[in-house]
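Asks: 3D model of this:
(one chain, ligands or ions: 1)
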Amino acid sequence: MSEQPILELLPAVDIAGGQAVRLVQGEAGSETGYGDPLEAALSWQNAGAEWLHLVDLDAAFDRGSNVDIVQRIAKELNIKVELSGGIRDDASLDRALEFGATRVNLGTAALENPEWTKQAIARHGDKIAVGMDVRGTTLSGHGWTKDGGDLWDVLARLEDAGCARYVVTDVTKDGTLRGPNVELLREIATKTSKPIVASGGISSLEDLRVLRELVPEGIEGAIMGKALYSGQFTLQEALDVAGRR
Ligand SMILES: O=C(O)c1ccccc1N[C@@H]1O[C@H](COP(=O)(O)O)[C@@H](O)[C@H]1O
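Replies: This next block holds a predicted model:
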């Protein structure tokens, strides 16, 4: 009998103003604070996380940077770190990789700077993922404040560039605990053979069970934010459901 495949789980630490926060639908000003981001990151590591999804929100919103905290977290953790927010040129990309990020997510740059993105993918291979932050089928950049093109057009371009992985966030679901956009994830999975990390809306262990069922279709992992911070389930429970423990 074949075993059910495992779903990767990535607890998220999003940083704004030096604090760990969760936003609702990425709206600036909708933050709930969760204290010291290093403590949050260490708590997920201590609870058994194998990955951390780490976001510098101020850099994503073009309004500042939490680079010192990001560096400290990336250096202190001994689990894999996926780093997002403000990685838009060689300097920020090289710095993120020097910090020890296992991979980085490109958002705005992948929408606005296709040539640089292609070169970054060619240089760094699967250390680069692209964050497809989407409302309907329109991609969004600059902290989800500016439309950045059609999902299917951009996906086709990134496929041509050899992008290794997509992190797909339904912006309208993010931070709402309304469940992931399974239809969208499955549709994207029909158009790429590359792994997809699901983000946005996860609210229950049942959501994780559903996503685990989709691993054979190309859904590799799931990012969890609000659900963990608001205690809908524990990371240990999530890891059990994902097949990690
Ligand atoms: O993660 C969030 O909640 C979030 C909210 C609003 C904007 C961006 C957000 N996160 C991630 O930031 C990067 C994009 O950064 P950039 O455009 O490359 O500077 C992307 O991974 C988003 O998912």
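Asks: Can you identify each of the strands in the protein by residue range?
Replies: Secondary structure of the chain (DSSP state E): strands at 8-16, 19-22, 32-33, 51-56, 80-84, 103-106, 128-135, 138-141, 146-150, 166-170, 196-199, 219-224.
Asks: Quick check: residues of this protein near the ligand?
Replies: The chain comes close to the ligand at residues 14, 23, 26, 55, 57, 59-60, 84-88, 105-109, 131, 133, 141, 143-144, 169, 174, as judged by Cβ under 6 Å from any ligand atom. For glycine as for every other residue, the C-beta is placed from the backbone atoms N, C-alpha and C.
Asks: who's in contact with the residue in the chain positioned nearest to the ligand?
Replies: Nearest residue of the chain to the ligand (Cβ to the nearest ligand atom) works out as Gly107 at 2.7 Å. By Cβ atoms under 8 Å, 6 or more residues apart in numbering, the residues touching Gly107 are 60, 84-85, 87, 130-131, 133, 141.
Asks: could you redo those as a markdown table and give each row neighbour count and pLDDT?
Replies: What follows is those, written out as a markdown table (neighbours: other Cβ atoms under 10 Å; pLDDT from 0 to 100):
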| residue | neighbour count | pLDDT |
| --- | --- | --- |
| Ala60 | 26 | 97 |
| Ser84 | 29 | 98 |
| Gly85 | 28 | 98 |
| Ile87 | 27 | 98 |
| Val130 | 27 | 98 |
| Gly131 | 28 | 98 |
| Asp133 | 29 | 97 |
| Gly141 | 22 | 96 |
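Asks: Give me the distance from stretch 79-98 to the chain's centre.
Replies: Relative to the centre of its chain, stretch 79-98 is centred 13 Å away, using Cα atoms, centre = their mean, to the nearest Å.
Asks: That stretch: which residues count as buried?
Replies: 80-88, 92-93, 95-97 (16 or more other Cβ atoms under 10 Å).
Asks: Show me which pair in these is furthest apart.
Replies: Distance extremes for the buried residues of stretch 79-98: the farthest pair is Lys80 and Arg88 at 22.3 Å, using Cβ to Cβ.
Asks: Per-residue pLDDT of the residue of the chain closest to the ligand, please?
Replies: On the pLDDT scale, Gly107 is placed at 98.
Asks: do you know how far it is from Ala28?
Replies: With distances taken as Cβ to Cβ, to the nearest Å, Gly107 is found 15 Å from Ala28.
Asks: Next: Gln45.
Replies: Using Cβ to Cβ, Gln45 is found at 28 Å from Ala28.
Asks: more crowded one of the two?
Replies: Gln45 (20 against 14; other Cβ atoms under 10 Å).
Asks: Would you state the helices of this structure in chain order?
Replies: Assigned by DSSP state H, the helices in the chain fall at 37-46, 57-60, 67-76, 90-99, 108-112, 114-124, 151-161, 182-191, 205-213, 226-229, 235-242.
Asks: helices or strands next to the last one in the packing?
Replies: The helices and strands touching helix 235-242, judged by 3 or more Cβ pairs under 8 Å, 6 or more residues apart in numbering; DSSP states H and E, are strand 8-16, helix 205-213, strand 219-224.
Asks: Around Asp153, how many other residues sit close by?
Replies: Asp153 has 11 neighbouring residues, counting by other Cβ under 10 Å.
Asks: Could you give the number of residues near Thr137?
Replies: Neighbours of Thr137 under the rule other Cβ under 10 Å: 13.
Asks: Since that was my last question, I'll sign off now.
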